[in-house]
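Novice: Here is a sequence with its predicted model. Questions after.
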Amino acid sequence: MAFFSHQVCRGFSSSAVRNVVIKHVTIIGGGQMGAGIAQVAASTGHSVTLVDTNEDILKKAVKGIEGNLKRVVKKKFADKPEAGEEFIQKALQNVSTSTDAGSVVRDSDLVLEAIVENLKIKQDLFGGLDKLAPAHTIFASNTSSLPITDIASSTNRLDRFGGLHFFNPVPVMKLVEVIATSATSQETFDSLLNFSKKLGKTSVSCKDTPGFIVNRLLLPYIMEVIRMYERGDGSKEDIDIAMKLGCGYPMGPFELADYVGLDTVKFIMDGWSAANPDNPVFAQSELLTKLVAEGKLGKKTGEGFYKYK
Ligand SMILES: C[C@H](O)CC(=O)SCCNC(=O)CCNC(=O)[C@H](O)C(C)(C)COP(=O)(O)OP(=O)(O)OC[C@H]1O[C@@H](n2cnc3c(N)ncnc32)[C@H](O)[C@@H]1OP(=O)(O)O
Ligand SMILES: NC(=O)c1ccc[n+]([C@@H]2O[C@H](COP(=O)([O-])OP(=O)(O)OC[C@H]3O[C@@H](n4cnc5c(N)ncnc54)[C@H](O)[C@@H]3O)[C@@H](O)[C@H]2O)c1
C-alpha cells in the first residue's frame with residue numbers, strides 16, 4: 001500500500017505528501033526497457049501495469065517477460081523447479097497491461113516512462129497524466145539523455161518528478177541512476193532510491209546533467225568508434241574484438257550500439273549535437289544516419305551494424 005491512501009491523498013496539497021512507499025507502478029512503453037523494468041518490478045512484489053500504444057506490442061512484451069523470467073529461474077532455482085515455476089507465476093500475476101494510460105494512473109504510486117527518446121512526446125504524455133494521477137503519485141522518466149527538468153516542466157508536480165535511468169538488459173544490469181532536479185523534493189528522491197533498492201539494484205545519485213554519468217561517457221565512446229570505422233581505421237569486427245579482449249568489456253561497441261538500438265543512439269546524439277553544434281564530440285555520423293533511415297535499428301529490428309536473423 002502507498003503511505004497515503006489514494007482518496008486521502010487526492011485532496012492534499014503537494015507539501016503534505018511525504019515519503020511514498022511505491023507498490024503500484026505504471027510503466028509507459030513496453031519496449032526493451034519498459035518490459036525489462038516491468039519484469040524486475042513484478043518479480044520483486046510490485047503490482048505493475050504496462051502501457052503501450054497497441055495490444056500486439058503488449059502481448060510481445062509479456063511474452064518476452066515470461067521468456068526472460070525463465071532465464072532467471074534457470075539460474076536462481078536450478079535445483080528447485082517447482083519453486084521456480086511458482087516464482088514465474090507470481091511475477092506474471094503482478095503484471096497487467098493497458099493501452100489507456102489515463103485510466104490506470106489513478107491507482108499508481110509511480111508512473112515511470114520508457115517511451116521514445118523525444119522531448120515533446122514525453123512532455124505531452126506527462127502533461128496529460130498530471131491531470132489524472134493522484135497528488136501523491138511520483139512521475140519519473142527513464143530517459144537516456146533529455147533533461148528531466150525539461151520533461152517535468154509539462155507538469156505541476158515538479159517536486160514529485162525525478163529520473164530513474166535503468167540499463168539494458170534491465171534484469172541483468174545492476175545499476176540505476178537516480179536523478180533529482182533542483183525542484184525534486186528529498187521525499188521523492190528517497191522514495192525513488194528505496195524503490196531502486198527494492199528492485200535489487202545499486203543506485204548512484206546523479207545531477208540533471210546531459211547523459212547523467214554513464215551515457216555522458218558511453219555515447220561519446222560509441223560515436224568515436226563509429227567515426228573510427230568511417231575513417232577506415234579498423235573493421236567493426238576488429239574494433240569489437242579489440243575492446244572486448246583489450247578492455248574486458250562484455251560487448252564490443254558496435255554490438256552494444258546494436259543492442260541499445262541505433263534509433264536511440266541517434267535520438268540522443270541529435271539532441272546533444274543541436275545543443276552543442278561546435279563540439280566535435282557530439283558530431284553526427286553519416287553512417288549512423290543512413291542505417292537509421294533504412295530502418296536498421298540494431299538487434300530489435302534484426303539488423304544494424306550486424307545482422308541478427
Ligand atoms: C543507452 C542507455 O540509456 C543506457 C544503457 O543501457 S547502455 C547499455 C548497458 N548495457 C551493457 O553495457 C550490456 C553489455 N553486455 C552484457 O553485459 C552482456 O553481453 C549481456 C548480459 C547482455 C549478455 O551476456 P552474454 O554472456 O553475452 O549472454 P548470455 O549468456 O545470453 O547472458 C548472460 C546471462 O544473463 C542472462 N540474461 C541476459 N539477458 C537477460 C534478460 N533480458 N533477462 C534475464 N536474464 C538475461 C542470461 O540468462 C545469462 O544468465 P546465466 O549467466 O545464468 O547463464
Ligand atoms: N535501449 C536502451 O539501451 C536504453 C537504456 C536506458 C534508457 N533508455 C531509454 O528508455 C526509453 C525507451 O527505450 P527502449 O530502448 O525501450 O525503446 P523501444 O523502442 O524498445 O520501446 C519504446 C516503446 O514505447 C512505445 N511508445 C512510444 N510512444 C508511446 C506513447 N506515447 N505511449 C505509450 N507507449 C509509447 C513504443 O510503442 C515502444 O514499444 C528511451 O527514452 C531510451 O532513451 C534506453
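Specialist: All right, it came through fine. For clarity, every value in this text was computed on a predicted model and none was experimentally measured. Ligands and ions are numbered 1, 2, ... in the order given.
Novice: So Val204 belongs to a helix, correct?
Specialist: No - secondary structure assignment (DSSP: H, G, I helix; E, B strand; the rest coil) places Val204 in strand, not in a helix.
Novice: Test of understanding: give the bridge partners of the closest residue to it other than its chain neighbours.
Specialist: Leaving aside its sequence neighbours, Val204 sits nearest to Glu177 (Cβ to Cβ, 6 or more residues apart in numbering; 5.7 Å). Where C-beta positions appear, they are placed from N, C-alpha and C, glycine not excepted. Applying DSSP bridges to Glu177 gives these bridge partners: His165, Val204.
Novice: Tell me the residues of the chain that contact ligand 2?
Specialist: Residues of the chain found near ligand 2 (Cβ under 6 Å from any ligand atom) are 28-34, 51-53, 57, 114-117, 121, 125, 142-144, 166-168, 260-261, 264, 300.
Novice: Are any of the residues you listed buried, and if so which?
Specialist: 28-34, 51-52, 57, 114-115, 117, 125, 142-144, 166-168, 260-261, 264, 300 (16 or more other Cβ atoms under 10 Å).
Novice: who's in contact with stretch 92-103?
Specialist: 26, 28, 30, 38, 41-43, 45-55, 58, 61-62, 65-66, 69, 104, 111, 125, 128-129, 132 (Cβ atoms under 8 Å, 6 or more residues apart in numbering).
Novice: Could you export it as CSV, CA atoms only?
Specialist: C-alpha atoms of stretch 92-103 as CSV (Å, rounded to 0.1, in the frame of the first residue of the first chain):
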residue,chain,number,x,y,z
LEU,A,92,3.3,-12.8,-14.1
GLN,A,93,0.3,-12.3,-11.9
ASN,A,94,1.7,-9.0,-10.8
VAL,A,95,1.7,-7.7,-14.4
SER,A,96,-1.3,-6.3,-16.2
THR,A,97,-1.4,-4.3,-19.4
SER,A,98,-3.3,-1.4,-20.8
THR,A,99,-3.4,0.9,-23.9
ASP,A,100,-5.0,3.6,-21.8
ALA,A,101,-2.5,5.3,-19.5
GLY,A,102,-5.1,7.8,-18.3
SER,A,103,-7.3,5.2,-16.7
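Novice: can you pull the buried residues of stretch 116-130?
Specialist: 117, 119, 122-123, 125-126, 129-130.
Novice: Averaged pLDDT, the helix or strand Val62 falls within. What do you get?
Specialist: Taking DSSP states H and E as the criterion, Val62 maps to helix 55-76. Averaging pLDDT along helix 55-76 yields 96.
Novice: Pick out the residue closest to the middle of this protein.
Specialist: What sits nearest the mean C-alpha location of the chain, by Cα atoms, centre = their mean, is Asn142, with 3.9 Å.
Novice: close enough to count as contact, that residue and Phe167?
Specialist: No - taking contacts as Cβ atoms under 8 Å, Asn142 lies outside contact range of Phe167: 9.9 Å.
Novice: Report the separation between the residue in the stretch 201-309 of the chain that ligand 1 sits nearest to and ligand 2.
Specialist: Closest residue of the stretch 201-309 of the chain to ligand 1, Cβ to the nearest ligand atom: Pro250 (3.6 Å). As judged by Cβ to the nearest ligand atom, to the nearest Å, Pro250 and ligand 2 stand 14 Å apart.
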